[in-house]
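1. please find the sequence and the predicted model below.
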Amino acid sequence: MGLYQNGVLQPYMLSCQVPASFKHAVPQAVSVVERPCDMAKTILKVFNNLPQSGHKEGFAVCVKGISFPFIDFSVRLVEWLELLFILGASKVILYDYDMHPNVSKVLSYYEKQGRVEVIKLPLAGRQPNVFGLLNKYLKSIGYGKDHQETIPYNDCFMKNINRYKYISVVDTDEVILPKNSSSWKTLMDVVVPKALNESQELTPSNYVMRHVYFFDDMGHANETVPDVPRFMHMLQHVYRSSNYNKKTHYVKCFHDTDRVLTVHNHFPLSCIGGKCSSYFVDTADAHLQHYRKYCVKGLAKVCEEKYRNNSVLDTAILRCKEPLISGVTEALFKMGFLDHLLKQDFNGAAFLEQN
């Protein structure tokens with residue numbers, strides 16, 4: 001990912017070539033040594049997760065390490081997870097640096113159902129793993145934080161590469177939303193034939209969703225969506241920027257696990273066969289909805305003029321309204337959150353931007 005500098009550690013990907021005489025076998029573990037014939041002092045388990053049915057399931061979602069120990073975005077998290085399940089996510093895998101107790105409670109609730117997996121993630125080497133300090137440290141190292149993120153992204157991707165046909169890497173304030181389809185599966189039933197018809201060389205390794213902002217204060221003042229609880233943030237925010245970000249900026253993908261080998265936040269880093277082939281999904285079919293208070297820092301100078309001052313109504317998410325309201329209220333009730341929300345004029349749980 002870059003040169004070692006300013007004391008910030010860099011991740012490395014090490015590949016172990018299996019000898020030809022053992023191609024038929026699956027390793028159980030691997031050790032890493034500095035020089036040939038050194039005595040191994042480590043043993044790392046090899047994950048060869050295969051689906052019980054013998055066939056890959058449809059979709060999984062990978063989420064980078066959560067490092068917000070003092071921010072309670074539990075209600076927003078419930079809505080986000082329930083929407084992903086409605087759209088077709090079989091499993092959501094998240095990594096835990098430091099979490100607020102209510103966020104941990106939400107994830108534990110879904111873990112017991114088998115729909116979420118949470119993996120505790122420490123920082124490597126002498127980097128701090130002290131509660132609260134870890135979050136402050138990650139903010140201080142700039143792009144070094146992005147480098148750290150490649151570890152959970154690829155850990156998640158490779159552990160699930162044999163289980164799921166498509167894996168997406170998104171944040172908890174983002175969702176890939178079909179515009180005319182009821183699910184990710186029906187979306188891909190439309191998109192894949194289009195991609196194959198347009199392809200002149202390789203079949204697509206990844207399907208790219210264009211990025212568009214749904215700002216917290218966008219729309220008419222005090223306007224609410226009828227019959228939607230005020231604490232449901234995504235259902236209440238149906239105005240977006242009329243301008244999409246540039247074609248390759250801030251996008252997210254469905255990665256085809258038969259083609260992609262390693263991933264980053266926005267695109268695959270490498271693909272089987274050497275060359276990755278991205279297909280950009282038409283925004284009439286789907287896009288990436290990003291819920292934020294403001295643009296990312298890199299767009300601060302043009303945010304008002306280009307994105308915040310130009311809005312359009314986009315109600316595609318309301319196709320999910322009934323099942324989403326039902327799923328969220330049931331989950332909040334079972335976790336003991338709902339009574340508190342209904343007793344106040346609630347306008348959404350506290351939520352910190354993930355970028």
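-> Structure's in. What do you need? Please read all numbers here as calculations on a predicted model, not as lab measurements. Numbers count the residues shown, from 1 in each chain.
2. and the gap between the residue nearest to Val106 when sequence neighbours are not counted and Asp216?
-> Residue nearest to Val106 in three dimensions, not counting chain neighbours: Ser74, with 4.8 Å by CB to CB, 6 or more residues apart in numbering. For glycine as for every other residue, the C-beta is placed from the backbone atoms N, C-alpha and C. Going from Ser74 to Asp216 by CB to CB, to the nearest Å gives 18 Å.
3. likewise Lys165?
-> In terms of CB to CB, Lys165 sits 34 Å off from Asp216.
4. now do Ser90
-> Taking CB to CB, one finds Ser90 at 30 Å from Asp216.
5. could you do Lys301 as well?
-> 20 Å.
6. so for the two, which residue has more residues nearby?
-> Asp216 (17 against 10; other CB atoms under 10 Å).
7. OK, contacts around the residue nearest to Val106?
-> His100, Asn102, Val103, Lys105, Val106, Phe337, Ala349 (CB atoms under 8 Å, 6 or more residues apart in numbering).
8. what segments of the stretch 151-300 of the chain are helices?
-> Under the criterion DSSP state H, counting those that start in this stretch, the stretch 151-300 of the chain contains helices at 184-198, 233-236.
9. so the residue lying farthest from the centre of the chain, which of the three states?
-> Among residues of the chain, the one most distant from the C-alpha centroid is Cys37; the distance is 40.3 Å, by CA atoms, centre = their mean. Look at Cys37: counting by DSSP: H, G, I helix; E, B strand; the rest coil, its state is coil.
10. before we move on, what about the one 3 residues further on?
-> When the structure is reduced to helix, strand and coil (three-state DSSP), Ala40 reads as coil.
11. from His55, how far off is it?
-> Distance, Ala40 to His55, by CB to CB: 36 Å.
12. go on, Cys62?
-> Distance from Cys62 to His55, by CB to CB: 21 Å.
13. kindly state the beta-bridge partners for the residue nearest to Pro69 when sequence neighbours are not counted.
-> Spatial nearest neighbour of Pro69, chain neighbours left out: Asp98 (3.8 Å); criterion: CB to CB, 6+ apart. In this entry, Asp98 is beta-bridged to Ser67, by DSSP bridges.
14. OK, contacts around Asp98?
-> Ile66, Ser67, Phe68, Pro69, Phe131, Gly132, Leu134, Asn135.
15. and if we set it to 7 Å?
-> Applying CB atoms under 7 Å, 6 or more residues apart in numbering, we find Asp98 in contact with Ser67, Phe68, Pro69, Phe131, Gly132, Leu134, Asn135.
16. lowest-pLDDT helix or strand in the protein?
-> Sorted by mean pLDDT, DSSP states H and E, the helices and strands of the chain end with helix 338-342, the least confident at a mean of 83.
17. what is that one packed up against?
-> When contacts are defined as 3 or more CB pairs under 7 Å, 6 or more residues apart in numbering; DSSP states H and E, helix 338-342 packs onto helix 321-334.
18. list the contacts of the helix it packs on.
-> By CB under 7 Å, 6+ apart, helix 321-334 touches 75, 78-79, 82-83, 86, 109, 228-229, 232, 235, 338, 341.
19. average pLDDT across it?
-> Mean pLDDT, helix 321-334: 96.
20. and if you look at stretch 102-119?
-> For stretch 102-119, the mean confidence score works out to 97.
21. with only the CA atoms kept, save it in PDB.
-> Below are the C-alpha coordinates for stretch 102-119, written out as PDB (Å, rounded to 0.1, in the frame of the first residue of the first chain):
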ATOM      1  CA  ASN A 102     -25.500  -0.300  22.500                       C
ATOM      2  CA  VAL A 103     -23.800  -1.000  19.200                       C
ATOM      3  CA  SER A 104     -22.400  -4.300  20.600                       C
ATOM      4  CA  LYS A 105     -25.800  -5.200  21.900                       C
ATOM      5  CA  VAL A 106     -27.300  -4.700  18.400                       C
ATOM      6  CA  LEU A 107     -24.700  -6.800  16.700                       C
ATOM      7  CA  SER A 108     -25.000  -9.600  19.400                       C
ATOM      8  CA  TYR A 109     -28.700  -9.700  18.700                       C
ATOM      9  CA  TYR A 110     -28.100 -10.400  15.000                       C
ATOM     10  CA  GLU A 111     -25.200 -12.700  15.700                       C
ATOM     11  CA  LYS A 112     -27.500 -15.000  17.600                       C
ATOM     12  CA  GLN A 113     -29.700 -15.200  14.500                       C
ATOM     13  CA  GLY A 114     -26.700 -16.200  12.400                       C
ATOM     14  CA  ARG A 115     -27.000 -13.100  10.100                       C
ATOM     15  CA  VAL A 116     -24.100 -11.100  11.400                       C
ATOM     16  CA  GLU A 117     -20.500 -12.100  12.300                       C
ATOM     17  CA  VAL A 118     -18.400  -9.800  14.500                       C
ATOM     18  CA  ILE A 119     -14.600 -10.200  14.600                       C
END
